[in-house]
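Asks: turn this into a structure:
(2 chains)
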2 protein chains.
Amino acid sequence: MRDAYHDELDALTVRLVEMTRLVRSAISRATTALLDADLHLAESVISHDEEVDRIFAEVETSIFDLMARQQPVAVDLRMIIAALRMGADLERMGDLAQHVAKVARLRHPESAVPPEMRATILEMGQVAERLVTKAGSCVASRDVETALELEADDDAMDRLHRRLFKVLMAPDWRYGVEPAIDVTLIGRYYERYADHAVRVARDVVYLVTGSRPHDVTAM
Amino acid sequence: MRDAYHDELDALTVRLVEMTRLVRSAISRATTALLDADLHLAESVISHDEEVDRIFAEVETSIFDLMARQQPVAVDLRMIIAALRMGADLERMGDLAQHVAKVARLRHPESAVPPEMRATILEMGQVAERLVTKAGSCVASRDVETALELEADDDAMDRLHRRLFKVLMAPDWRYGVEPAIDVTLIGRYYERYADHAVRVARDVVYLVTGSRPHDVTAM
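Replies: I've put the predicted structure just below:
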């Protein structure tokens, strides 16, 4: 039977997985809001970010509380450190999805994304969702193999990000400065979102193996 | 007399302060490289970021090592958690300074910054330096009063960031899309740099008081 202390550690995992679910939904809906110029959906993403922040605050409180009452060692201490970092990354991913939704809101009733970029942005949203889904399943299962895959999966986002700049910089760009600024920022938000998902997966590797992913892949 | 364990904890502070010094120099030189289109200086910022990464890797190794050998509790455990977070923020600030330098390198021999934006970018660089200097002195002295000031100091960066967008979006913008993209990204890099400096200061507050800055300022 598990004691209350280990129940609390397990509860951290449950909360982190819940955070991945929320920030996945946030980036998915933000992408739709952006492409469909859907103000209602954008507002919903923006207001729901509070929930992510609230869960992260609970994760932090619960960790500081655990540390005050217990003296976590070895894998428990690694869990606590990893949970703090994963929580911070997921909280940031919520912010980034919110940033995307804010661009959608700012340009409503227009779409911030010119037609020839819709496919790339849609794909960036899909890659972001795939990464966070995988990160969430790694957090739940502590599967190191899958966690290590995220580094390569993230390359897809980098390729899409470069494609975006290529269109922006092309001599036939005809939308002027404002959409260029919007797309530059949007591209950066997706790229950062993906990067934080990779960091979550890296912390699963650390949690399980006690080593940084770099050391593990080098083995 | 202090024991070896506490000497190691103290050494963490020394390393973190050294990181603030390095990323301050990096953003200072990156700003100059950007405004003067100085390729040599840009290259130097880009290659020197390795040193920041190396110190952060040492901080991490030393922390994981401490945790494996000791059972840090109370303020020592807070120091370890704060050091991990501060190290991660400082490492990111190094990356952001490097990003600024990379824009300078990309546009050389031109300057990426149009004449009417030079003053704002220069000021963003100065605010960034001021913030990291203050953060570094808080890390060294553990002075909570000063750490709490950084939140307000960061408002100056937000004002400069908004001013940048105002110029970019003005109807008389005559530089086209490429410089608009550059300035959008540069502005974001400075803004994020400042944000991470604020987070370092917040961790000093946590380290000393055991509370998040929000709770402290509410007292």
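Asks: next, the residue lying closest to A:Glu116 once chain neighbours are set aside: secondary structure please.
Replies: Sequence neighbours aside, A:Val167 is the residue nearest to A:Glu116 in space, at 6.3 Å (criterion: Cβ to Cβ, 6 or more residues apart in numbering or on different chains). For glycine as for every other residue, the C-beta is placed from the backbone atoms N, C-alpha and C. Secondary structure, DSSP: H, G, I helix; E, B strand; the rest coil: A:Val167 is helix.
Asks: list the contacts for A:Val167?
Replies: A:Glu116, A:Met117, A:Thr120, A:Trp173 (Cβ atoms under 8 Å, 6 or more residues apart in numbering or on different chains).
Asks: in TSV: those, plus secondary structure and distance to A:Arg69.
Replies: Formatted as TSV, the contacts of A:Val167 follow (DSSP: H, G, I helix; E, B strand; the rest coil; distance: Cβ to Cβ, whole Å):
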residue	secondary structure	distance to A:Arg69
A:Glu116	helix	57
A:Met117	helix	52
A:Thr120	helix	50
A:Trp173	coil	59
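Asks: most neighbours among those residues, please name it.
Replies: A:Met117 (23 neighbours; other Cβ atoms under 10 Å in any protein chain shown).
Asks: gap between that one and A:Phe165?
Replies: Computed as Cβ to Cβ, to the nearest Å, the A:Met117 to A:Phe165 distance reads 11 Å.
Asks: how many neighbours does A:Met93 have?
Replies: Counted with other Cβ under 10 Å, A:Met93 comes out at 31.
Asks: pLDDT wise, what is the residue nearest to A:Glu116 at?
Replies: Note on A:Val167: pLDDT of 95.
Asks: then A:Pro213?
Replies: So A:Pro213 comes in at 64 (pLDDT).
Asks: what of A:Glu149?
Replies: pLDDT at A:Glu149 comes out at 95.
Asks: buried residues in the helix or strand in which it is found?
Replies: Following DSSP states H and E, one finds A:Glu149 within helix A:144-169. For helix A:144-169, the neighbour count (16 or more other Cβ atoms under 10 Å in any protein chain shown) marks A:144, A:146-148, A:150, A:153-154, A:156-157, A:160-161, A:163-164, A:168 as buried.
Asks: between those, which is nearest chain B?
Replies: A:Leu168 (6.1 Å; Cβ to the nearest Cβ).
Asks: what parts of chain A come near chain B?
Replies: By Cβ under 8 Å from any Cβ of the partner chain, the residues of chain A that approach chain B are A:60, A:64, A:67-68, A:71, A:73-74, A:77-78, A:81, A:84-85, A:88, A:165, A:168-169, A:173, A:176-178, A:180-181, A:184-185, A:188, A:210, A:212.
Asks: which SS state does the residue nearest the centre of chain A fall under?
Replies: Centroid-nearest residue in chain A, with Cα atoms, centre = their mean: A:Met93, separated by 3.8 Å. With three-state DSSP as the basis, A:Met93 sits in helix.
Asks: cool, A:Val208 as well?
Replies: Taking three-state DSSP, the label given to A:Val208 is helix.
Asks: quick check, it in contact with A:Val144.
Replies: Yes: the pair A:Val208 / A:Val144 is scored as a contact, 5.2 Å apart, by Cβ atoms under 8 Å.
Asks: quick one: low-confidence ranges for chain A?
Replies: A:1-2, A:213-219 (pLDDT under 70).
Asks: buried residues in stretch A:44-61?
Replies: A:Val45, A:Ile46, A:His48, A:Asp49, A:Val52, A:Ile55, A:Phe56, A:Val59, A:Glu60.
Asks: specify which member of these is nearest to chain B.
Replies: A:Glu60 (7.5 Å).
Asks: within the helices and strands, which one has the closest one?
Replies: helix A:39-69.
Asks: that helix packs against which elements?
Replies: helix A:4-36, helix A:74-107, helix B:74-107 (3 or more Cβ pairs under 8 Å, 6 or more residues apart in numbering or on different chains; DSSP states H and E).
Asks: for those helices, give me TSV that also has distance to A:Val127.
Replies: Output for these, formatted as TSV (distance: least, Cβ to Cβ, whole Å):
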stretch	distance to A:Val127
helix A:4-36	10
helix A:74-107	13
helix B:74-107	22
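Asks: could you say which one of those comes nearest to A:Gly136?
Replies: helix A:4-36 (3.2 Å; Cβ to Cβ).
Asks: list the buried ones in the closest one?
Replies: So for helix A:4-36, counting by 16+ other Cβ under 10 Å, buried means A:8-9, A:12-13, A:15-20, A:22-35.
Asks: next one: stretch A:189-204
Replies: A:189-204.
Asks: max pairwise distance over these: which two?
Replies: Between any two of these (Cβ to Cβ), the greatest distance is 23.6 Å, for A:Tyr189 and A:Val204.
Asks: A:Leu122: neighbour count?
Replies: 16.
Asks: which of the buried residues of helix A:144-169 sit farthest apart?
Replies: Longest span within the buried residues of helix A:144-169, Cβ to Cβ: A:Val144 and A:Leu168, 38.0 Å.
Asks: A:Ile81 - how many residues pack around it?
Replies: 22.
Asks: residues touching it, list them.
Replies: Applying Cβ under 8 Å, 6+ apart, the residues contacting A:Ile81 are B:Ile81, B:Leu84.
Asks: swap in the one 4 residues further on?
Replies: For A:Arg85, the set of contacting residues under the criterion of Cβ under 8 Å, 6+ apart consists of A:Arg199, A:Asp203, B:Leu84, B:Arg85, B:Ala88.
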